[in-house]
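[1] okay, predicted coordinates and the sequence, questions at the end:
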Protein chains: 2
Amino acid sequence: MLSKNQVRFIRGLRLKKNRKSQGLFLAEGKKVVDELLHSDFQLDKLFHTEDYVPPESATAQEVSINELKSLSSFATPNQVLGVFRIPESEPVVETGIALALDDVNDPGNLGTIIRLCDWFDIPQILCSLNTVDCYNPKVVQASMGSLSRVRMNYLDLSDYLSQTNRSVYGTFTEGDSLYSTTFEKDAVLVMGNEANGISEEVRKWITKEVSIPQFGKSKSTESLNVAMATAIFLSELRR
Amino acid sequence: MLSKNQVRFIRGLRLKKNRKSQGLFLAEGKKVVDELLHSDFQLDKLFHTEDYVPPESATAQEVSINELKSLSSFATPNQVLGVFRIPESEPVVETGIALALDDVNDPGNLGTIIRLCDWFDIPQILCSLNTVDCYNPKVVQASMGSLSRVRMNYLDLSDYLSQTNRSVYGTFTEGDSLYSTTFEKDAVLVMGNEANGISEEVRKWITKEVSIPQFGKSKSTESLNVAMATAIFLSELRR
């Protein structure tokens, strides 16, 4: 049986302030939890229904389907919910490619971007302080376990870019075509906010403005979503 | 004032069978509705709140915010809901590039893919009969008006591919790298279902199997979402 306090504590971890004060986050569903169990992330505790077999080493508690529902952030919880420790933030690696996000707000977009970085072997994502928290349950879910393989750093992005030695590429509708851009080996690629793009503050530190050319005739086509634009950029960078 | 019958009729258009029998579909929000009003789509009627100014030529009815909510498929309706006529299906154009979807199920994915085709000037999408209906309100929403600029055809995909003269490319994890593939000028690019990929039935007609190489070391990375994979393919095709 779950106690009321347990339910309250775990549901509380949906909020960033509680995740921060407790140093814990939630992951749900067999696929994501299993991936995190096989990573460097440290498990605090698993809550699972009887059809899930937890690893022997894990602290685990069997619960009913209704109890799992009471803990879950999702409409249809799947077998297991894990409480994991938020790892210490590691220093920024100053070589190679990093993706930087200037206030990306949507959890689904951030989760998708983490998956893309995992796919294209981009080892670190530098997030502005207003970018959505990567330990938000919806981000964890959308990242499908890739969160365990990509280093996440939250920092003052403008400060960081002002002092890095790497080339800084930013995406703007008026930039040069990315198809004719030669990217440096050590580079930071900045993607902007869903509604406002890259902020003026961050733009100051962009050394090269690039764009994805639009092929359609229509000028009214909505600009590409930030996750799609990231997919296209990373593919072009790695090809 | 809206009558109960009006509310029932419009809410009924969320269902494919009613859209089909009535030949009508719903579009919501100022941006999407305005784009459709400036396209070849024919308006049946607009329902709008007082802060929206309908074009003079449009059949329009002002409603309260609560009435608009009662019609809307979304939690936060925005100013206007339009009822538009589903256009006649046009014949398939047999030259150039077409994207083909083999049972893409998720409305958000289809909407995103329609936006991508608009961006990359892919004039037609050939959808298998089990692909989600492009006039589903969530697809219309996610396509952000691009639906008015991309020709949608629903057909027996396997039948169609068996008799086309175009080269047929399909995406498989074991295919040759798309980065070393030279695409023909007249081509059909097939993307598969979210969970199962391309069906065996359709695979028979693929003339060239291609893949997006994975750069990360991890073999456990979840395959890319179909919308992300489409973004990368279309970018590569057009660059």
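    Received, thanks.
[2] what's near enough to touch residue A:226?
    Residues near residue A:226 by CB atoms under 8 Å, 6 or more residues apart in numbering or on different chains: A:104, A:106, A:109, A:113, A:191-194. Where C-beta positions appear, they are placed from N, C-alpha and C, glycine not excepted.
[3] and the strands in chain A?
    A:24-28, A:43-48, A:60-62, A:80-85, A:97-101, A:124-128, A:151-155, A:167-177, A:187-191, A:208-211 (DSSP state E).
[4] now tabulate those strands in a markdown table and tack on mean pLDDT.
    Shown next, in a markdown table, are the strands of chain A (pLDDT from 0 to 100):
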| stretch | mean pLDDT |
| --- | --- |
| strand A:24-28 | 97 |
| strand A:43-48 | 96 |
| strand A:60-62 | 95 |
| strand A:80-85 | 97 |
| strand A:97-101 | 97 |
| strand A:124-128 | 98 |
| strand A:151-155 | 96 |
| strand A:167-177 | 92 |
| strand A:187-191 | 97 |
| strand A:208-211 | 95 |
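[5] which of the contacts of residue A:226 lies closest to residue A:233?
    Of all these, residue A:191 has the smallest distance to residue A:233: 7.7 Å, by CB to CB.
[6] quick revisit: just the buried ones from the contacts of residue A:226?
    Buried by 16 or more other CB atoms under 10 Å in any protein chain shown: A:104, A:106, A:109, A:113, A:191-193, out of the contacts of residue A:226.
[7] just give me the closest of the contacts of residue A:226 to chain B.
    If you rank the contacts of residue A:226 by distance to chain B using CB to the nearest CB, residue A:113 comes first, at 9.9 Å.
[8] leaving out sequence neighbours, find the closest residue to that closest one.
    residue A:230 (5.2 Å; CB to CB, 6 or more residues apart in numbering or on different chains).
[9] looking at the contacts of residue A:226, which gets the smallest pLDDT?
    Lowest pLDDT among these: residue A:194, with 92.
[10] how about the contacts made by that residue?
    Residue A:194 touches A:104-106, A:109, A:225-226, counting by CB under 8 Å, 6+ apart.
[11] so which of the buried ones among the contacts of residue A:226 sit within helices?
    Residues of the buried ones among the contacts of residue A:226 located in helices (DSSP state H): A:109, A:113.
[12] residues in contact with stretch A:12-21?
    Residues external to stretch A:12-21 that are found in contact with it (CB under 8 Å, 6+ apart): A:22, A:24-26, A:73, A:83, A:86, A:133, A:135-137.
[13] are any of the residues you listed buried, and if so which?
    The neighbour-count test (16+ other CB under 10 Å) marks A:24-26, A:73, A:83, A:86, A:133, A:135-137 as buried among the contacts of stretch A:12-21.
[14] flag every residue of chain A that's near chain B.
    Contacts of chain A with chain B, taken as CB under 8 Å from any CB of the partner chain, map to A:31, A:35, A:38, A:112, A:115-116, A:118-121, A:144-146, A:149, A:179, A:212, A:214-218, A:220-222, A:224-225, A:227-228, A:231-232, A:235-236, A:238-239.
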